[in-house]
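1. quick one, what's the 3D model for this:
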Amino acid sequence: IFKFLGAISVDLGQDRIKPYLPTILTPLYRELNSNYAEQDPTLKNLSQEIIELLKKLVGLEAFSLAFSSVQKQANQKRAMRKRQRALQTVANPDIAARRKLKRHKNKAETRKRKIESLHPLYKAKRHRSHALKDLAMVE
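-> Okay, the predicted model is just below:
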C-alpha cells in the first residue's frame, strides 16, 4: 500500500496531490510512530522514504502543514481514547475490575516465563485453568 501511495503521488504531480496529502500521510505517520513489538523495519524504512519523496514533491512548507495536521489529529484521537477509558472505569467499575485482573494475571505469567527463560532448571508455578471458575463473574 505504501508503494502504491508513493506511485500515485508521483503520478498525480505537485499540484494535484496537495488536497490528498493528509490522507496519504496518515498511514505513513502511524507506521513511523508505532511502537508495537512485531514491527517490520522494512515498512518503517519504506514509509520514511515515501515521506522524503513527498517532501521533495510538494515542498517543505505544504508538507509541514499537512504533516502537523496529521500529527495533531493523531494526538487528539489518542487523548480522546484515554479520556474514554478513564470515563469507563467510573461508569462501569465491573468491566474495569475485570480488565485490571486480566492485566495482572498476564503480568504474572510474563514474569514466570521470564524467570523460566533465565533459569532453565527452575519451574515457576503456573495457574491451573479451572474452566468454570475462570468463566465466573468477578465479585
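2. neighbours around residue 11, how many?
-> Using other Cβ atoms under 10 Å, the number of residues around residue 11 comes to 9. All C-beta spots, glycine's among them, are computed from the backbone N, C-alpha and C.
3. now swap in residue 6 and tell me
-> Neighbours of residue 6 (other Cβ under 10 Å): 20.
4. please apply the same query to the one 3 residues further on.
-> By other Cβ under 10 Å, the residues close to residue 9 number 20.
5. so which strand or helix has it?
-> helix 2-17 (DSSP states H and E).
6. in whichever helix or strand comes after that helix, which residues are buried?
-> Going down the chain from helix 2-17, the next helix or strand is helix 21-33, by DSSP H and E. The neighbour-count check on helix 21-33 (16 or more other Cβ atoms under 10 Å) flags 21, 22, 24, 25, 28, 29, 31 as buried.
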